[in-house]
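> following is a predicted model, sequence given first.
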Amino acid sequence: MVIIMNVDATAAEIKGVIEVVNEAGLEAKVMEGSQQKIVGVIGDKTRLASVPIDALPGVEKTVSISKSYKLASREFHPQSSVIDVAGVKIGDGTPVVMAGPCAVESKEQLFEAAKIVKAAGAQFLRGGAYKPRTSPYSFQGLEEQGLKYLAEARELTGLRVVTEVTTVEAIDGVAEYADMLQVGARNMQNFGLLKEVGRCGKPVLLKRGLAATIDEWLNAAEYIMNEGNPNVVLCERGIRTYETYTRNTLDLSAVAAVKHLSHLPIIVDPSHGTGKWRMVKPMAFAAIAAGADGLMMEVHPNPAKALSDGPQSLTPENYQEVMAGIWKLSQFMKQEDIVPMDI
C-alpha cells in the first residue's frame, strides 16, 4: 500500500508513520510527490490490518496497490524516474541513444563502430561480448576479451558501455567492465539472474521477453528492484506474433502503456523489433513520437560482413541519417510542447 501524507505533514509525523510500519515488520520508503510526500509500504499489508494508519497524525489516506508489481508501479512512485548511468541521465526528457554492433567481433571492428556512433551523438556503445544464440553453431561472442575491448572503446570515446549478461556466473565480470548490464529477451524471466543483477550495484537494461505481456515484464523489473536496485530501464524490442515479414512485431503501444503503469524509463530497439535495417528509421521516429526515453540501434561498419544480425544493422551513413532525424524530431516536440500522452 501507499500512505499519502497531508500537504503540511511534518518531518516528525512522517517519521512516526515510518516507525509504525517498521514495528509491523514491513519496510517503508518515502517518496516526493508533486505536492505531498508518500510513504510506500513493502511487504504483507495484512500485518497492518489492526493498525489505524489513517488516524495517525499527518496521514491523509491510505491506498492499496492493485498491481502485483509494487516498486515498479506508478501507484507506488508517482513521479517518473530518471536513471543516472555514469553521468548520463535516462528519462529526463532528452532521448538517449545506445548504438553499436550486435556482437563484439574484433578490436578493430568495435573501435571503428564506437567512433562512428560517438560522432553522430550516441551516449552509449552497445555490443555483445556474450551472445546467446538460437543455434549452438552461431558466433557466441568473444566473452571476457570482448569486455576488455568494450572498456578500451569507452576510454577512447567517452561512451558509456551497455552489454548483455547471460549467466549468474558472468555478472561480476560484466559489471567490472560495463556501465550498464543488459538482461536480454531470452532471460527476462530467468529469476535467479534477475535477483543477482539486482544485487550487483549497476544500472540494468531489461529487455521485454519474446512473448511476454507487459505485466510479466514489469514483474521481472520488480525482481531486480526488490533486491535493492531501483536503477532499471525497460527496453521494448518486439514480441513474437504470427507475422512473418518482420523478425518480431514492434509493440510501440507498450511505450504508452509503460508510461502509464510504471515510473521506469523505457527505450525502444527498432533493430531487433523489425529485423530489417530499412525499417529502423521509421520505427525509431515513431518510438520518439510515442514518448520513448531513448533508442537502441545496431550499427556495423560493414553489415554485409557482420557475424551477427547483419540484415538489421545500419551502415554508418544510414545511422547518421537516422540520428539527424531523431534530434530534429525531439527538438520539434519540445519547441511545440508536444506531450505524447497524459500519464
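Thanks, I have it.
> partner strands of the worst-scoring helix or strand of the chain on mean pLDDT, with direction?
None of the helices or strands of the chain scores lower by mean pLDDT, DSSP states H and E than strand 27-32, at a mean of 87. Here strand 27-32 is paired, per DSSP bridges, with strand 37-42 (antiparallel).
> would you mind measuring from Leu252 to Gly273?
As for Leu252, its distance to Gly273 is 9 Å (criterion: Cβ to Cβ, to the nearest Å). Backbone N, C-alpha and C define where each C-beta goes, glycine included.
> settle it for me: which of the two has more neighbours?
Gly273 (28 against 20; other Cβ atoms under 10 Å).
> these two touch, right, that one and Arg240?
No - counting by Cβ atoms under 8 Å, Gly273 stays clear of Arg240, with 11.3 Å between them.
> joint contacts of these two?
248-249 (Cβ atoms under 8 Å, 6 or more residues apart in numbering).
> ok, back up a step: contact partners of the least confident helix or strand of the chain?
14, 17-18, 21-22, 37-43, 76-79.
> max pairwise distance over those: which two?
Asn22 and Gln79 (23.7 Å; Cβ to Cβ).
> need the nearest residue in space to Tyr319, chain neighbours excluded.
Val299 (4.6 Å; Cβ to Cβ, 6 or more residues apart in numbering).
> what number of residues lie near that neighbour?
31.
> contacting residues around it?
Here Val299 is in contact with 99-101, 113, 116-117, 313-316, 319 (Cβ under 8 Å, 6+ apart).
> in the stretch 51-200 of the chain, where is pLDDT below threshold?
Scanning the stretch 51-200 of the chain for pLDDT under 70 picks out 133-134, 137, 139-140.
> all the strands of it, residue numbers only.
59-63, 83-85, 88-90, 96-100, 124-126, 160-164, 180-183 (DSSP state E, counting those that start in this stretch).
> circling back to that earlier point, the contacts of Val299 in helices, which ones?
113, 116-117, 316, 319 (DSSP state H).
> and the least confident helix or strand of the chain, what's buried?
Burial within strand 27-32, assessed by neighbour count using 16 or more other Cβ atoms under 10 Å, is assigned to 28-29.
> chain center to it: distance?
Offset of strand 27-32 from its chain centre (Cα atoms, centre = their mean, to the nearest Å): 22 Å.
> as PDB, could you dump the C-alpha coordinates of it?
Taking C-alpha atoms only, strand 27-32 is exported to PDB below (Å, rounded to 0.1, in the frame of the first residue of the first chain):
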ATOM      1  CA  GLU A  27       9.700  -1.700   5.000                       C
ATOM      2  CA  ALA A  28       8.800   1.900   4.400                       C
ATOM      3  CA  LYS A  29      10.100   4.100   1.600                       C
ATOM      4  CA  VAL A  30       9.400   7.900   1.400                       C
ATOM      5  CA  MET A  31       8.800   9.400  -2.000                       C
ATOM      6  CA  GLU A  32       8.300  13.000  -3.000                       C
END
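> look up which residues are beta-bridged to the residue nearest the centre of the chain.
Central residue of the chain (Cα atoms, centre = their mean): Val233, 1.7 Å from the mean position. Beta bridges link Val233 to Leu205 when assigned by DSSP bridges.
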